[in-house]
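Asker: Take a look and give me a structure for this.
(2 chains)
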Amino acid sequence: MSAMSTDRRTTAPQWRVATTLLATEGLRAMVSATAVMVAVALLFYAVARSLGWEFVEARSDVMLGVVADQRSVVVVVASGWLPVAVSTAAIIVAIVLTASRTRMFVSAGFTRRAIMSGTAVTLVLLVAYALVVGAIVTLVLGPSATAGYLGAEGAQVSSLVANGVSGLAFGVVGAVAVTVLFLRFVWWVGVLVLATLSLLLTVTGAAGALDAVSSSAFPWVLWALTALLACAYWAMMRRLPVR
Amino acid sequence: MTGLADLQIRSVTHRFGSTTALSQVDATIRGGTITGLIGRNGAGKTTLARLIAAWQPLQSGSIHLDGHPVWESQDRTSRVCLMKDTGGFLEDQPVRKSLRVHRAARPHWDHDYAMRLLDLFEVPTKKSPEKLSTGKRSALRAAVALATRAEVTILDEVYLGMDAVTRRMFYDELMADYIARPRTVILSSHLLDEVEDLMEEVVVLDRGRVMAAGDTDEVRQQYSSGSSLASLTDVLVQITTSGAER
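Answerer: Presented below is the predicted three-dimensional model:
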């Protein structure tokens, strides 16, 4: 490159650049989503208060609800919905980021390895963000109330956190793996793979068994499945084409 | 001598199902030249361009830049830019977001130059690419390709949809920048009459095979008869209708 008269900028390793771009975008989306959720909740609260609606403490099976009859309106709200909603947002952000950025980054000159590293770090940050939101809610409500809202009275907060983290990690890695399946192959291959998998899980009764063993007694099952999905993601990304 | 590395393409064969897009392609794109990649529809030009830029994994053969494979090499992929009618942009996001990615990924990215070109071609950066007209999208791609200052810049029909005036401005910019900052440019176009004077070297593909390659004037000379020099269109007509390899 001796003849290039534009000075080559000192560049960081691509994985770091990709991580910065992906993580910034992902966390920005998460903060925006959280802000919107909190704003909607506050607005809802203000309206309910101004109209004099009765507030009822949420039970474990009700996250959010409004019961109205001719005489009164009862609002049932659990603050525990926020970490759940943020976790759902994390899964959606993981899907959107992977779908919109992966091919674009390859065509912009990033290696697939750099994108995989960036995605991995971003997923860790998304899970950490949801964990922080969960921690803030727990601090505000108190550990026992949070456990109650999540339907786990008597359970230790530490095991709740462990289950939450493993569940969310499984969710985001699974979401990214499925997204890359559709990026890597034509759409009908993705549909075929997912249909076959769900059919197999249902017919063999593995879905129910999986649900049982992945409960708090066997948290490692979810981590093992997450590792399996991560391997599938890696295998598909290695030779991902850009159309 | 520009000091720029050659691009070595060796025994590249690529199939899509039962269709052979490229068959045993061997070519050397000399560093610091403007090389035309020409052929009829389905000749394999875009497939070859995508393989060079590592958009698609090789099935067989090799593509080396500066003696090393381009595939999954950070130092190579960031130095090869392919711009075609699709890809390379966040289609539903403002143009400036895509520019941010290119700026981060391309070691020689010149942001001031990018903004000047976008201004010249009247491309709004606040709009998303999907909301631009075909001509403006092409101008956007051309501007970004030039601003990457990538050592190997591949322009695959990037000027489709541009009006005649914008095309002329683009060719002028390409030449001015090429002279000021030498790079390897690979031009693939059906508008041969417009670009053949820009091409110093040429690779002619037909049905996935290299039918002619080398200095443009020499290739034209080979296919000339009488006193008039054959145009590249004449070359292409002769090659693709006779199938003769010289």
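
Asker: so who does residue 23 touch?
Answerer: Just so you know, I chose chain A. A:G118, A:V121, A:T122, A:L125 (CB atoms under 8 Å, 6 or more residues apart in numbering or on different chains). Every C-beta, even on glycine, is put in place using the N, C-alpha and C of the backbone.

Asker: nope, chain B
Answerer: Contacts for B:S23 were tallied using CB under 8 Å, 6+ apart; they are B:T13, B:R207, B:G208, B:R209.

Asker: Just the buried ones among the residues you listed, please.
Answerer: B:R207, B:G208, B:R209 (16 or more other CB atoms under 10 Å in any protein chain shown).

Asker: Give the burial count for the residue nearest to B:R106 when sequence neighbours are not counted, as a bare number.
Answerer: Spatially, and ignoring its direct neighbours in sequence, B:R106 is nearest to B:T148 (4.5 Å; CB to CB, 6 or more residues apart in numbering or on different chains). A count of nearby residues for B:T148, using other CB atoms under 10 Å in any protein chain shown, gives 28.

Asker: for the nearest residue to B:E200 once chain neighbours are set aside, what are its contacts?
Answerer: Among residues not flanking B:E200 along the chain, B:T33 sits closest, at 4.7 Å (CB to CB, 6+ apart). B:T33 makes contact with B:T184, B:V185, B:E200, B:E201, according to CB under 8 Å, 6+ apart.

Asker: out of the buried ones among the contacts of B:S23, who's nearest chain A?
Answerer: Chain A lies nearest to B:G208 out of these, by CB to the nearest CB, at 18.0 Å.

Asker: and the gap between that closest one and A:T138?
Answerer: Per CB to CB, to the nearest Å, B:G208 is found 63 Å from A:T138.

Asker: show me where pLDDT drops low in chain A?
Answerer: A:1-11, A:56-65, A:71, A:75-80, A:142-157, A:211-218 (pLDDT under 70).

Asker: which stretches of it form strands?
Answerer: A:54-57, A:64-68, A:73-77 (DSSP state E).

Asker: Tell me which stretches of chain A form helices.
Answerer: Assigned by DSSP state H, the helices in chain A fall at A:14-50, A:81-107, A:112-141, A:143-149, A:157-184, A:187-203, A:206-213, A:219-238.

Asker: Go through those and name the closest to B:L191.
Answerer: helix A:81-107 (23.3 Å; CB to CB).

Asker: That closest one close to chain B?
Answerer: Yes: Helix A:81-107 is in contact with chain B by CB under 8 Å from any CB of the partner chain, via A:S100, A:R101, A:R103, A:M104, A:F105, A:V106, A:S107.

Asker: mind giving me JSON lines with these and columns for neighbour count?
Answerer: Putting those into JSON lines (neighbours: other CB atoms under 10 Å in any protein chain shown) gives the following:
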{"residue": "A:S100", "neighbour count": "16"}
{"residue": "A:R101", "neighbour count": "23"}
{"residue": "A:R103", "neighbour count": "20"}
{"residue": "A:M104", "neighbour count": "22"}
{"residue": "A:F105", "neighbour count": "25"}
{"residue": "A:V106", "neighbour count": "26"}
{"residue": "A:S107", "neighbour count": "26"}
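
Asker: Tell me the one of those nearest chain B?
Answerer: A:S107 (4.4 Å).

Asker: Would you mind confirming that the closest one is in contact with B:L90?
Answerer: No: with contact defined as CB atoms under 8 Å, A:S107 does not count as touching B:L90 (10.8 Å).

Asker: Only the buried residues of stretch B:73-86, if you could.
Answerer: Neighbour-count burial for stretch B:73-86 flags B:S73, B:Q74, B:R76, B:T77, B:S78, B:R79, B:V80, B:C81, B:L82, B:M83, B:K84, B:D85 (criterion: 16+ other CB under 10 Å).

Asker: From those residues, pick the one nearest B:F121.
Answerer: Of all the buried residues of stretch B:73-86, B:M83 has the smallest distance to B:F121: 13.7 Å, by CB to CB.

Asker: and that closest one, what pLDDT?
Answerer: Confidence at B:M83, expressed as pLDDT, is 96.

Asker: what residues are up against B:I154?
Answerer: B:L37, B:A49, B:I52, B:A53, B:V80, B:C81, B:L82, B:M83, B:V185, B:I186, B:S188.

Asker: now for the host helix or strand of the second one, which elements pack on it?
Answerer: Pointing back at B:A49 there. Element membership for B:A49 (DSSP states H and E) is helix B:45-52. Contacts defined by 3 or more CB pairs under 8 Å, 6 or more residues apart in numbering or on different chains; DSSP states H and E place helix B:45-52 against strand B:7-16, strand B:19-29, strand B:34-39, strand B:80-83, strand B:152-156, strand B:184-188.

Asker: got the buried residues for the following helix or strand past it?
Answerer: Remark: after helix B:45-52, the chain's next helix or strand is strand B:60-65, criterion DSSP H and E. Buried residues in strand B:60-65, defined by neighbour count with 16+ other CB under 10 Å: B:G61, B:I63, B:H64, B:L65.

Asker: re earlier: separation between the residue nearest to B:R106 and B:L4?
Answerer: Counting by CB to CB, the gap from B:T148 to B:L4 is 15 Å.

Asker: cool, A:G171 as well?
Answerer: Taking CB to CB, one finds A:G171 at 48 Å from B:L4.

Asker: Next: A:L82.
Answerer: From A:L82 over to B:L4 (counting by CB to CB), the distance is 56 Å.

Asker: B:T240 too?
Answerer: 31 Å.

Asker: Which of these two has more residues huddled nearby?
Answerer: Under the criterion of other CB under 10 Å, the comparison of B:T240 against B:L4 puts B:L4 first, with 22 against 17.

Asker: Please identify the nearest residue in space to the more buried one, excluding sequence neighbours.
Answerer: Counting by CB to CB, 6+ apart, the residue nearest B:L4 is B:G31, at 3.2 Å.

Asker: hang on, the earlier thing: for A:T226, state which of the contacts of B:I154 is nearest.
Answerer: Using CB to CB, these come closest to A:T226 at B:A53, 33.3 Å.

Asker: Hmm, that closest one is touching B:K84, no?
Answerer: No: contact criterion CB under 8 Å: B:A53 and B:K84 do not qualify, at 9.2 Å.

Asker: Could you tell me the average pLDDT over stretch B:96-114, please?
Answerer: 94.

Asker: Give me the distance from stretch A:19-30 to the chain's centre.
Answerer: 13 Å (CA atoms, centre = their mean, to the nearest Å).

Asker: Brilliant, that's me finished.
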